[in-house]
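**Q** I would like to see how this sequence folds:
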Amino acid sequence: MWQSKYRIDDKSDVKAIKNTITISVRGDVQENMKNAMNYIKSKGFKLERLPYADHMPEFKSLEKANPKIVAQIREGFKRICIWKITVDESVNVDISDVGAESFNVDASIDGDRLNLVLSGNLDTLSAPKLLANYEEIKKDNTLNSVFIDCSKLEYVSSAGLRVLLIMQNDCEDGVIMKSCNETVIGDLSNTDIKIL
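**A** This next block holds a predicted model:
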């Protein structure tokens, strides 16, 4: 979904934040919802509206509550819906403007250290490119560490994190990342990758 961010942000009623899409209430709410749903469907996703009440857990705190209040709460939850979004393989989506030019790797070797400059988005589309570059370089070089300049890196997805962790575990001195923006720092927060 993150890949759709750049296309979504130019819509007045739709905004993407990390893996969440929010719809702002401007003008006609029903029309905005319809436009957002059509847009998301056009990008290759299936939308399914599910009543939250059907998925609501049993609340221990309600066990001793007045049955009338519990019934009102349950009735209220019937008006709340969640959206299940899955990929619709039957829709052909043009992603030619995403991935290739939005990510770049420049690599150089300094002794046993691999120096990388990453730019763009390290995501599902670009992570394999980084891993392939790393494995190709590793064939001809003994690498003890990877130093990454992130001054042009926008964000790192879970697929990108997996590649960084492969390098981290593969090198004795691990991975060091420098000049990370706040988004990238947040993306790396649950790893032991060093950030300068």
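**Q** quick one: the strands in this protein?
**A** Per DSSP state E, the chain carries strands over the ranges 14-17, 20-23, 45-51, 81-87, 103-110, 113-122, 145-156, 175-178, 194-195.
**Q** chain center to the longest one, what's the gap?
**A** Taking the mean C-alpha point of strand 145-156 and that of its whole chain, the gap between them comes to 17 Å (CA atoms, centre = their mean, to the nearest Å).
**Q** tell me which of the strands of the chain lies nearest to Glu75.
**A** Closest to Glu75 of the strands of the chain, according to CB to CB: strand 45-51, at 11.4 Å. Bear in mind the C-beta positions are built from the backbone N, C-alpha and C, glycine included.
**Q** ok, Leu114 - contacts?
**A** Listed by CB atoms under 8 Å, 6 or more residues apart in numbering, the contact set of Leu114 reads Ala107, Ser108, Tyr134, Ile137, Asn141, Leu143, Ser145, Val146, Phe147.
**Q** number of residues surrounding the residue nearest to Val70 when sequence neighbours are not counted?
**A** Nearest residue to Val70 in three dimensions, chain neighbours excluded: Leu62, at 5.0 Å (CB to CB, 6 or more residues apart in numbering). Neighbourhood size, Leu62 [other CB atoms under 10 Å]: 13.
**Q** isn't Leu62 right up against Ala71?
**A** No - Leu62 is beyond contact range of Ala71, at 10.2 Å (criterion: CB atoms under 8 Å).
**Q** can you show me the helices along the chain?
**A** 5-8, 29-42, 67-77, 127-140, 158-170, 182-187 (DSSP state H).
**Q** out of the strands of the chain, which is closest to Asp187?
**A** Closest approach to Asp187 among the strands of the chain (CB to CB): strand 145-156, 4.1 Å.
**Q** distance of Asp88 from Met33?
**A** 19 Å (CB to CB, to the nearest Å).
**Q** follow-up on the earlier one: TSV for the strands of the chain, including distance to Tyr39?
**A** TSV is the format used below for the strands of the chain (distance: least, CB to CB, whole Å):
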stretch	distance to Tyr39
strand 14-17	6
strand 20-23	10
strand 45-51	10
strand 81-87	12
strand 103-110	24
strand 113-122	21
strand 145-156	22
strand 175-178	35
strand 194-195	36
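**Q** quick one: which of those is nearest Asn38?
**A** Of all the strands of the chain, strand 45-51 comes closest under CB to CB, at 9.6 Å.
**Q** hmm, which helix or strand of this protein has the shakiest average pLDDT?
**A** Using mean pLDDT, DSSP states H and E, the weakest-scoring helix or strand in the chain turns out to be helix 5-8, at a mean of 42.
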